[in-house]
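*Asks:* Here is a sequence together with a model predicted from it:
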Amino acid sequence: MDLLDSESLRISSYFLELTPPELEWVRRNTEVLHKDRGTVVLLEGAESPGLLIVMSGTLKVCRVSSAGKEQILRIASTGDSLNDVPVFDGGTCPATVISVEDSEILVVPAPVFRELLIRHSTVAVQLLQTFAKRLRQVTLLATDLTLLDVEGRVARALGMYTRAAGGKEFPMSQTELASIVGARREVVARSLKDLEENGAITREHGHVVVTDREKLAAMQSHGQD
């Protein structure tokens, strides 16, 4: 399905500096998928359809063990790209992607995106910035797992993902939050209770809402020496 307006492609930093004719070329050579909440968008190990860009909604990127245990690697919201690596190494999808809410996803075939990189140095620069950001996030995650206790990791995850989504509500369940921070659900529940008692968050209709970012930030160093 085509986008109705090629200008809406500018939601992605990759396309910000393209001219209207160039945006129209991208629109004609891509596809938009509409996925309901809870739908598997990509399956780890499956053939890659190309680069994905979130036009609206929220997706989780995860890996699932043979025993069915899920580890959430990152959350992608509007404007974020996914499945970048197979575009260049020709491999299969490195992780499973599932829609957290109803979402629209732009699929850019690998040959189309590589052609853009050849034509436009600005797209290549944006790609390098994206990869650098991801590397920084991985480094931060490794540091958090080493230096922070569960409460600190929960506070960090809530702050990071609500800010990235441009809102105050964390869009996923307590079980999914536990998967992100690498802890048991009951331990995360105790951490959420402490954060709520400190006035950093509230819990409404099963979702966590950040009410005071300063207090939440103060809790993000919890566990450090």
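*Replies:* Arrived safely.

*Asks:* So for the helix or strand bottoming out on mean pLDDT in the chain, what gets flagged as buried?
*Replies:* Between all helices and strands in the chain, the lowest mean by mean pLDDT, DSSP states H and E belongs to helix 121-147, at a mean of 81. Residues 122-123, 126-127, 130, 141, 144 are the ones in helix 121-147 that count as buried (16 or more other Cβ atoms under 10 Å). For glycine as for every other residue, the C-beta is placed from the backbone atoms N, C-alpha and C.

*Asks:* Quick check: A67 vs C93, distance?
*Replies:* Distance of A67 to C93, computed by Cβ to Cβ, to the nearest Å: 21 Å.

*Asks:* Compare these two (neighbour count), which wins?
*Replies:* C93 (21 against 5; other Cβ atoms under 10 Å).

*Asks:* The more buried one is in contact with V40, isn't it?
*Replies:* No - using Cβ atoms under 8 Å, C93 makes no contact with V40, being 10.7 Å away.

*Asks:* Mind giving me the packing neighbours of the helix or strand hosting R190?
*Replies:* With secondary structure defined by DSSP states H and E, R190 is part of helix 185-197. Helix 185-197 sits against helix 150-164, helix 174-181, strand 201-204, with contacts defined as 3 or more Cβ pairs under 8 Å, 6 or more residues apart in numbering; DSSP states H and E.

*Asks:* List the contacts of that helix.
*Replies:* 150-151, 154-155, 158, 174-175, 177-178, 181, 183, 201-203, 208, 216, 219 (Cβ atoms under 8 Å, 6 or more residues apart in numbering).

*Asks:* any idea whether the residue nearest the centre of the chain is helix, strand or coil?
*Replies:* The C-alpha lying nearest the average C-alpha coordinate of the chain belongs to A76 (Cα atoms, centre = their mean; 1.9 Å). The three-state assignment at A76 reads strand, by DSSP: H, G, I helix; E, B strand; the rest coil.

*Asks:* show me what contacts C62?
*Replies:* C62 touches 70-73, 95-98, 179, counting by Cβ under 8 Å, 6+ apart.

*Asks:* What's the separation between the closest residue to it other than its chain neighbours and S173?
*Replies:* Of all residues not flanking C62 in the chain, I72 sits nearest, at 4.7 Å (Cβ to Cβ, 6 or more residues apart in numbering). Relative to S173, I72 is positioned 11 Å away (Cβ to Cβ).

*Asks:* do L148 as well
*Replies:* 22 Å.

*Asks:* More neighbours: the two, which one.
*Replies:* Shown here are L148 and S173; by other Cβ under 10 Å, L148 has more neighbours (20 against 14).

*Asks:* In terms of pLDDT, where does R203 sit?
*Replies:* For R203, the pLDDT comes out at 86.

*Asks:* so it touches V209, yeah?
*Replies:* Yes - if you go by Cβ under 8 Å, R203 and V209 touch, sitting 7.3 Å apart.

*Asks:* sorry, back to before: can you state the direction angle for the least confident helix or strand of the chain and helix 150-164?
*Replies:* In terms of direction (axes from the mean of the first three to the mean of the last three Cα atoms, to 10 degrees), helix 121-147 departs from helix 150-164 by 160 degrees.
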